[in-house]
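A.B. asks: Sequence and predicted structure below; questions after.
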Amino acid sequence: MSANNKHSDSHSLVLPWKTRISVSALSALTDAFRRSDGTVNRRVLSLLDVKAGPNPNSVKGVKSSDIMVDPSRNLWFRLFVPTDTGTDTSLPVVIFFHGGGFTFLSPSSFAYDAVCRRFARTLPAVVISVNYRLSPEHRYPSQYDDGFDVIQYLNHRSSSELKQLPDFADLSKCFLAGDSAGANLAHNVAVRASREGFQFVKIIGLISIQPFFGGEERTESEIRLRKSPIVSLERTDWLWKVFLPQGSDKDHEAVNVSGPNAVDISGLEYPETVVFVGGFDPLQDRQRSYYEWLKKSGKQARLIEYPDMMHAFYVFPELPQSSQLIAQVKDFVSHTCMHNMICSKTSNS
């Protein structure tokens, strides 16, 4: 499913006033707390990053709790469990990675707590939102290590051993999901996980929402939309610089995943993927290239485009397109689970 109009700069980005204010504030804050020496003012940033705590009580059909995986690196995840579903049917597990350019935000940031609650309630699914380490204090591959280690943590503990995980959480129906940098993280973790044989965890799908990819050569959309909110060229260049190992360029395999140094995934059991793209997102050309690369690598993938939307639009619940995207994620999860069940029955017969 894709839109016919790739070049949305022929008309202006139209947003409600509430969204425009939020987007402008978010862009200004990321600029204010990025220092020219490659560091971030964490102390002041923490005061302005509005947090939502876990809630063991059901609120709008979802309860949440925080589970520590490794205190030495503050690796934990927020567990979202829907409470209005019957316990006699198993639910998929969505392992979610938040956006923020690998540098900002966390599962307890208000916007991401709200997004994961919506996923848990709407899909419905058990959602695990990972608190991975952030750059520039922790560069590549720290974030990918953290994401992969959460999967290992789940795999080493069956649902009966990890007491906080409800019995109806089906680890054989796992999805990796993320937006922006979180979608980059989901891809790279999926590559690593595809090489492993897990006993309990089976990753059957990947939800890639406007993934954050880059490269040395500028794409047409990066040039055309170079001053876009949230992901302007200047901001993304800085984020890649403080994320990558010293001396690396943006054609690194973690950044330009379908570029000259791309990992060959053709022989891996890479999960079925849905990629969401926005017509006012400077990263759109790279996101389409990612989709095409998955197809050329022999993987199941679909592309869904929102020609009139900017980067990160789905975290703004006042936009009708936000609800539309979540409904499409629900359809993807339902379809993938059904397809996986049919394939399992066929292979066992």
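C.D. replies: Happy to help now that I have it.
A.B. asks: For the rest of this, base every contact and every neighbour count on C-alpha atoms.
C.D. replies: OK.
A.B. asks: any idea how far the residue lying closest to residue 264 once chain neighbours are set aside lies from residue 263?
C.D. replies: Closest residue to residue 264 apart from its sequence neighbours, by CA to CA, 6 or more residues apart in numbering: residue 297 at 7.8 Å. Distance of residue 297 to residue 263, given as CA to CA, to the nearest Å: 10 Å.
A.B. asks: Could you do residue 183 as well?
C.D. replies: Distance, residue 183 to residue 263, using CA to CA: 17 Å.
A.B. asks: For these two, indicate the residue with more neighbours.
C.D. replies: Using other CA atoms under 10 Å as the criterion, residue 183 and residue 263 rank with residue 183 on top: 26 against 13.
A.B. asks: For the more buried one, give its distance to residue 324.
C.D. replies: Taking CA to CA, one finds residue 183 at 19 Å from residue 324.
A.B. asks: who's in contact with the residue nearest to the spatial centre of the chain?
C.D. replies: By CA atoms, centre = their mean, the chain has its centre lying nearest to residue 178, at 0.9 Å. Shown in contact with residue 178 (CA atoms under 8 Å, 6 or more residues apart in numbering): 96, 97, 98, 99, 184, 185, 186, 207, 208, 209, 211.
A.B. asks: these two touch, right, the first one and residue 129?
C.D. replies: Yes. Contact status for residue 96 versus residue 129: in contact at 4.7 Å, counting by CA atoms under 8 Å.
A.B. asks: average pLDDT for the lengthiest strand in the chain?
C.D. replies: In the chain, with assignment by DSSP state E, the single longest strand is strand 169-179. If you average the pLDDT over strand 169-179, you get 97.
A.B. asks: And stretch 80-96, by the same measure?
C.D. replies: 89.
A.B. asks: first to last residue in that stretch, what's the distance?
C.D. replies: End to end - CA to CA - stretch 80-96 spans 11 Å.
A.B. asks: Offset the numbering so it begins at 220, please.
C.D. replies: I'll keep to 220 as the first residue from here, and by that count the last item is stretch 299-315.
A.B. asks: Could you pull out the helices in this protein for me?
C.D. replies: Remark: helices assigned in the chain by DSSP state H are 236-252, 261-267, 329-341, 361-375, 400-413, 439-443, 452-462, 503-515, 539-567.
A.B. asks: The third one to helix 539-567, inter-axis angle?
C.D. replies: Helix 329-341 runs at 50 degrees relative to helix 539-567, counting by axes from the mean of the first three to the mean of the last three CA atoms, to 10 degrees.
A.B. asks: Could you do the fifth one as well?
C.D. replies: Helix 400-413 and helix 539-567 meet at an angle of 10 degrees, taking the same axes, to 10 degrees as the criterion.
A.B. asks: Now do helix 400-413: which elements does it pack against?
C.D. replies: Counting contacts by 3 or more CA pairs under 8 Å, 6 or more residues apart in numbering; DSSP states H and E, helix 400-413 packs against strand 310-316, helix 361-375, strand 388-398, strand 422-428.
A.B. asks: what's the first one packed up against?
C.D. replies: What it means is strand 310-316. For strand 310-316, the packing partners by 3+ CA pairs under 8 Å, 6+ apart are strand 345-350, strand 388-398, helix 400-413.
A.B. asks: Can you read off the pLDDT for the closest residue to residue 250 other than its chain neighbours?
C.D. replies: Among residues not flanking residue 250 along the chain, residue 454 sits closest, at 7.5 Å (CA to CA, 6+ apart). pLDDT recorded at residue 454 is 93.
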